[in-house]
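Novice: Predicted structure and sequence below. I'll ask about it afterward.
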Amino acid sequence: MKGKSGNYILAGMIAGAVLGAVGGYLWGDFFLSLEFIGTIFLNALKMVVIPLIIASMIVGVTSLGDVRKLGGITWKTILYYLVTTSISVLIGLILVNIIRPGIGVGSIGSFIPEIVAESGKKTLIDVLVGLIPANIIQAASETNVLPLIVFSLLFGGVLTTIGEKGRPVIAFFEGLNAAIMKLVIIILYFAPVGVLALIGSIVAQNRSSLDQLASGMGFYILTVILGLFIHGVIILPIILKIFGKKHPGTYFINMGQALATAFSTASSSATLPLTMELVVEKNRIDNRAASFVLPLGATINMDGTALYEAVAALFIAQIYGVELGAGQQVIVFLTATLASIGAAGIPHAGTVTMVFVLAAVGLPLEGIGLIWAIDWFLDRCRTTVNVWGDAVGAAVIAETAELDGLDVQRRTSA
């Protein structure tokens, strides 16, 4: 989306979010009746996610030409994700040890949320096994994104090795990718109304927990928000400036629509179509990098989620009077980093994978119930940082030597 239209839509989304928050609090019943509009908007975004991931990943891989070049870019992308995620976890651990938000907070009313109980038996090994689906159609129907990415990487790589026979297939996916991105622009025009309905209904549903946002859980919320702020406003812009060679302020403003959608939907997967549109069209990032990096990032790059899991684990330990030593905090660091990679790009995914973190240091799962009431708000904050980290990653990978080498190669052969 270019020009004034994009600016009008962004202004509309911001206005919709503000009006929705105020309206949901003052006229809850009315905004609950508008929930279906938000659901339609969210479903419209989700509708294009699966074909977009498959098409964009295949186009991204095949556009690299020589499949052997993919190795370097893949490892650099994963390294970027691991480094930024590790930094975010470290920030969270430092802050939670300084602020100690759990001291003096009671554990009354703790419970295990149903979504957590259903996932309590899963392990990191299950996540690894799930990378290779027995049925790719079933994985798509269940919006199980990570195995789809693995399949698309392999399929795209194979297409580059079969010569002329692969060209019609590549052309098909290029056309599909272009059509999906056009569809995303159409959906964008309805974003302000969708955001208004989403935020309004969410606030209306959670009015009873709003007092906790300003009282008993205040220091916990402050710790998470401060950590997300440091990572999103200081660390990632520095990385963008040095390695991505982009002006952080301009880049951030150009991502406004995607970041507003991330906050509204609490889903990096649902936001992916907008993220790709804005990274390529507004921030002028090489489409080859965006097509490869962003779908992968929406699944495994969860900086905000990892920070939240580390803070929440130590917060719960402080509430229960469990002192976690340096060794156990290292375990929290490693587990939060790895668990966030397995988190789906959907609402409350970080809460589910926090099971791994608590189990790793012997903390009760009931502790998750202590923070459940206000998770709807923090979920949106951390998802916004997740999407921002993905966008920065696309700029960083676009500056790698592999992509520059491909450009030189093509100019030489022309």
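Specialist: Done, it's in. Since the model is a prediction, treat every value here as computed from it, not as a measurement.
Novice: Report the mean confidence score over the helix or strand hosting residue 54.
Specialist: Assigned by DSSP states H and E, residue 54 belongs to helix 35-62. For helix 35-62, mean pLDDT rounds to 84.
Novice: for stretch 263-278, same thing?
Specialist: 87.
Novice: same deal with stretch 88-105?
Specialist: The model assigns stretch 88-105 a mean pLDDT of 90.
Novice: got it, and stretch 283-300?
Specialist: 86.
Novice: Skipping its backbone neighbours, what lies nearest residue 58 in space?
Specialist: Of all residues not flanking residue 58 in the chain, residue 156 sits nearest, at 4.0 Å (CB to CB, 6 or more residues apart in numbering). To be clear about C-beta, it is placed using only N, CA and C from the backbone, and glycine gets the same treatment.
Novice: Actually, residue 159.
Specialist: Closest residue in space to residue 159, ignoring its immediate chain neighbours: residue 166 at 4.1 Å, by CB to CB, 6+ apart.
Novice: The one you found: neighbour count?
Specialist: Residue 166 has 15 neighbouring residues, counting by other CB atoms under 10 Å.
Novice: tell me the contacts of it?
Specialist: Counting by CB atoms under 8 Å, 6 or more residues apart in numbering, residue 166 makes contact with 62, 158, 159, 160.
Novice: Have a look at this protein and report its longest helix.
Specialist: helix 70-99 (DSSP state H).
Novice: Name the residues of that one that are buried.
Specialist: Across helix 70-99, burial judged by 16 or more other CB atoms under 10 Å covers 70, 73-74, 76-77, 80-81, 84-93, 95-96, 99.
Novice: Check stretch 327-337 too.
Specialist: For stretch 327-337, burial by neighbour count (16+ other CB under 10 Å) applies to 328, 329, 331, 332, 333, 335, 336, 337.
Novice: May I see the residues you listed arranged in JSON lines, with pLDDT as well?
Specialist: Listed next are the buried residues of stretch 327-337 as JSON lines, based on pLDDT from 0 to 100:
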{"residue": "328", "pLDDT": "86"}
{"residue": "329", "pLDDT": "89"}
{"residue": "331", "pLDDT": "86"}
{"residue": "332", "pLDDT": "87"}
{"residue": "333", "pLDDT": "89"}
{"residue": "335", "pLDDT": "82"}
{"residue": "336", "pLDDT": "83"}
{"residue": "337", "pLDDT": "82"}
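Novice: Closest to residue 304 out of these?
Specialist: residue 336 (11.5 Å; CB to CB).
Novice: where are the low-confidence patches of the stretch 101-250 of the chain?
Specialist: 105-128, 208-216 (pLDDT under 70).
Novice: what about 50?
Specialist: Within the stretch 101-250 of the chain, no stretch has pLDDT under 50.
Novice: Quick one: the helices in it, in order.
Specialist: 114-117, 124-129, 136-141, 145-159, 167-188, 191-205, 210-213, 218-229, 236-243, 248-254 (DSSP state H, counting those that start in this stretch).
Novice: what's the spacing between stretch 48-55 and its chain's center?
Specialist: Stretch 48-55 sits 16 Å away from the centroid of its parent chain (CA atoms, centre = their mean, to the nearest Å).
Novice: next one: stretch 167-175
Specialist: On CA atoms, centre = their mean, the centre of stretch 167-175 falls 28 Å from the chain's centre.
Novice: ok, now stretch 30-45?
Specialist: 21 Å.
Novice: Using neighbour counts, pick out the buried residues of that stretch.
Specialist: Buried residues in stretch 30-45, counted by 16+ other CB under 10 Å: 31, 34, 35, 37, 38, 41, 42, 44, 45.
Novice: Deepest in the core, which of the helices of the stretch 101-250 of the chain is it.
Specialist: Mean neighbour count (mean count of other CB atoms under 10 Å) peaks for helix 191-205 among the helices of the stretch 101-250 of the chain, with a mean of 24.
Novice: now it against helix 167-188, angle please.
Specialist: For helix 191-205 against helix 167-188, the angle by axes from the mean of the first three to the mean of the last three CA atoms, to 10 degrees is 60 degrees.
Novice: Just name whatever secondary elements helix 191-205 is in contact with.
Specialist: helix 3-26, helix 28-33, helix 35-62, helix 256-265 (3 or more CB pairs under 8 Å, 6 or more residues apart in numbering; DSSP states H and E).
Novice: Of all these, which one is nearest residue 272?
Specialist: helix 35-62 (5.9 Å).
Novice: and the closest one, how far out from the chain's middle?
Specialist: 14 Å.
Novice: helices or strands up against that helix?
Specialist: Helices and strands touching helix 35-62, by 3+ CB pairs under 8 Å, 6+ apart, are helix 145-159, helix 167-188, helix 191-205, helix 256-265, helix 268-281, helix 287-300.
Novice: Turn the buried residues of stretch 30-45 into TSV, columns for distance to residue 318.
Specialist: Supplementary listing: the buried residues of stretch 30-45 in TSV, determined by distance: CB to CB, whole Å:
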residue	distance to residue 318
31	36
34	40
35	36
37	41
38	36
41	39
42	35
44	42
45	38
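Novice: returning to that earlier point: what angle do helix 191-205 and the helix holding residue 54 make with each other?
Specialist: Using the same axes, to 10 degrees, helix 35-62 lies at 120 degrees relative to helix 191-205.
Novice: between helix 35-62 and helix 70-99, how big is the angle?
Specialist: 130 degrees.
Novice: can I assume residue 363 is in contact with residue 323?
Specialist: No - assessed by CB atoms under 8 Å, residue 363 is found out of contact with residue 323, at 11.8 Å.
Novice: So between those two, which is more surrounded?
Specialist: Between residue 363 and residue 323, counting by other CB under 10 Å, residue 363 is the more crowded of the two (23 against 7).
Novice: can you give me phi and psi for the more buried one?
Specialist: phi -90, psi 150 (degrees, to the nearest 10).
Novice: what residues are up against it?
Specialist: For residue 363, the contact set (CB under 8 Å, 6+ apart) comprises 313, 316, 317, 320, 322.
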